[in-house]
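**Q** Return a 3D structure for these sequence lines:
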Amino acid sequence: MTGSLLLRNARLLDPLSGEYTEGDLRAAEGRIVEVGPNLAAADVPVVDARGAVVLPGLVDAHVHVTASTADLGSLSSSSPSYVAAQAAHTMSRMLDRGFTTVRDASGADYGLADAQADGLFRGPRLLFCGRALSQTGGHGDSRTRGTNAKDDHPCCAGLGRVADGVDAVRAAARDELRKGAHHIKVMASGGVASPTDRIDSTQYSAEELTAIVEEAAAANRYVAAHAYTARAVNRALELGVRSIEHGNLLDDRSVSLFRSQDAYLVPTLVTYWALKEEGREHGLPESSWRKVDEVLGAGLAALERASRGGVKLVYGTDLLGGMHRHQNHEFRLRAEVQTPAEVIRSATSTAADLLNLTGEIGTLAVGAHADLLVVDGDPLADVGVLAEPKHFRHIVQGGEVVGGSAA
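**A** Now for the predicted structure:
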């Protein structure tokens with residue numbers, strides 16, 4: 001029976017409680033239907049998980065599956081068919097790393113999401129936002145100073161679309177929502193990979209950001225904002241943005257606003273580590289590489305401040321091109337300031353809450369998608385186990401074994 005199996009003799013990890021229970025888990029038609037001791041096999045494939053830990057499939061809430069290079073400005077001149085093939089390959093490798101759901105933070109579209117859902121290629125479930133909204137000269141504007149013409153044609157690959165003014169940003173947000181966006185991404189500060197802005201800039205007026213938040217809310221969706229400095233982070237939170245991406249230079253007021261606004265922080269420490277180490281090898285322009293230091297050292301301190309202050313933290317990586325292979329290294333970096341249970345929650349239950357998929361993913365509860373990791377080792381004792389996919393005995397997606405060292 002498709003999407004059906006029985007896991008026997010498992011140590012089942014509940015991310016919310018941070019505790020194990022011993023027992024079996026049965027999936028049918030892609031969902032978890034029963035958890036408990038000595039479950040009946042019911043004529044389905046049986047996987048003996050003795051000696052292993054079972055936890056929900058991992059969630060990465062900040063990926064760019066179409067970013068086949070760190071030279072983001074070059075993507076718009078790439079063939080859409082080539083970019084799609086690259087994205088399918090990238091997503092397949094993400095699944096091999098235990099990520100059964102990912103949230104794309106600009107670049108992916110409904111075509112990739114539909115193709116994955118229809119089984120045309122293997123990869124994690126994909127939540128997309130289409131193109132990120134950027135002001136002229138903002139983080140989503142990849143033109144160099146000497147380039148005036150812009151081409152945001154939807155057939156071509158690219159991460160951003162430029163829209164200026166309240167009416168234009170409303171239309172852009174509505175257009176992405178029309179195409180099925182699960183969230184709207186907005187560039188609310190400068191960034192590393194953009195050629196003409198400063199990292200410490202704020203981007204978009206309050207009126208423009210408010211209009212974008214209103215359009216997302218009207219469609220029962222939310223806004224995720226790229227923001228680094230406390231000034232940019234706090235402004236976005238005050239205006240109703242639900243998730244802040246990066247946030248490396250946040251302050252104590254940011255922590256208070258995250259809590260009062262019931263918002264989420266998605267740090268992406270590993271991308272700065274990777275960009276500094278090998279970004280230039282993967283196409284990052286020299287001018288962008290020199291900007292990395294402005295945010296690299298502050299990221300861990302921001303994570304510690306947010307964690308200590310009770311901010312809801314979600315796992316994200318933001319890796320580009322050949323650096324995607326470091327996706328699991330984020331577990332090691334976060335473990336420097338967080339407990340293993342806290343890091344695991346960021347990649348399971350808290351991520352599910354942000355994605356509006358509470359009870360659907362990030363849990364082993366009955367009714368959830370049967371997305372599971374069967375892991376050799378104890379991630380509550382050493383979350384570094386999750387940083388090494390060689391420890392993943394089985395990767396289960398929708399009740400089917402789709403990878404792992406024993407597959």
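**Q** so what's Pro124 up against?
**A** Residues near Pro124 by Cβ atoms under 8 Å, 6 or more residues apart in numbering: 57, 60, 91, 94-95, 99-102, 116, 397. For the C-beta atoms, the positions are set from N, CA and C on the backbone; glycine is no exception.
**Q** Quick check: bridge partners of the closest residue to Ala117 other than its chain neighbours?
**A** Counting by Cβ to Cβ, 6 or more residues apart in numbering, Arg125 is the residue found nearest to Ala117 once chain neighbours are left out, at 7.5 Å. Taking DSSP bridges as the rule, Arg125 bridges to Thr101.
**Q** Now stretch 217-236: average pLDDT?
**A** Regarding stretch 217-236, the rounded mean pLDDT is 96.
**Q** could I get it in CSV with only the CA atoms?
**A** What follows is stretch 217-236, C-alpha atoms only, in CSV (Å, rounded to 0.1, in the frame of the first residue of the first chain):
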residue,chain,number,x,y,z
ALA,A,217,-3.1,39.3,5.5
ALA,A,218,-6.1,39.8,3.2
ALA,A,219,-5.1,36.4,1.5
ASN,A,220,-4.5,34.7,4.9
ARG,A,221,-0.8,34.7,4.2
TYR,A,222,2.1,36.5,5.9
VAL,A,223,5.2,38.5,5.1
ALA,A,224,8.8,37.3,5.6
ALA,A,225,11.4,40.2,5.6
HIS,A,226,15.1,40.1,4.8
ALA,A,227,16.5,42.4,7.5
TYR,A,228,19.9,42.7,9.3
THR,A,229,20.1,45.8,11.5
ALA,A,230,18.1,46.5,14.6
ARG,A,231,16.6,49.6,12.8
ALA,A,232,15.4,47.5,9.9
VAL,A,233,14.3,44.5,12.0
ASN,A,234,12.3,46.6,14.5
ARG,A,235,10.7,48.7,11.8
ALA,A,236,9.5,45.6,10.0
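**Q** export the contacts of Pro124 to TSV and tack on pLDDT and distance to Glu304?
**A** Formatted as TSV, those follow (pLDDT from 0 to 100; distance: Cβ to Cβ, whole Å):
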residue	pLDDT	distance to Glu304
Gly57	98	27
Asp60	98	21
Met91	98	32
Met94	98	27
Leu95	98	31
Phe99	98	25
Thr100	98	28
Thr101	98	27
Val102	98	26
Gln116	98	35
Gln397	98	33
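**Q** Quick one: which of those is the most crowded by neighbours?
**A** Among those, Val102 has the most neighbours (other Cβ atoms under 10 Å), with 31 neighbours.
**Q** so how far is Ala173 from that residue?
**A** Taking Cβ to Cβ, to the nearest Å as the measure, Val102 and Ala173 are separated by 22 Å.
**Q** what do you get for Ala335?
**A** In terms of Cβ to Cβ, Ala335 sits 37 Å off from Ala173.
**Q** and the residue lying closest to Arg170 once chain neighbours are set aside, how many neighbours does it have?
**A** Leaving aside its chain neighbours, Arg170 sits nearest to Ala211 (5.1 Å; criterion: Cβ to Cβ, 6+ apart). Ala211 has 22 neighbours, counted by other Cβ under 10 Å.
**Q** The one 3 residues further on too?
**A** Residue crowding around Glu214 was assessed by other Cβ under 10 Å; the count is 15.
**Q** list the buried ones in the helix or strand it falls within?
**A** Glu214 belongs to helix 206-218 when assigned by DSSP states H and E. If you call a residue buried by 16 or more other Cβ atoms under 10 Å, then helix 206-218 has these buried ones: 208-213, 215-216.
**Q** Save those residues as JSON lines, and put in distance to Gly51 too.
**A** Formatted as JSON lines, the buried residues of helix 206-218 follow (distance: Cβ to Cβ, whole Å):
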{"residue": "Glu208", "distance to Gly51": "55"}
{"residue": "Leu209", "distance to Gly51": "51"}
{"residue": "Thr210", "distance to Gly51": "54"}
{"residue": "Ala211", "distance to Gly51": "55"}
{"residue": "Ile212", "distance to Gly51": "50"}
{"residue": "Val213", "distance to Gly51": "49"}
{"residue": "Glu215", "distance to Gly51": "51"}
{"residue": "Ala216", "distance to Gly51": "46"}
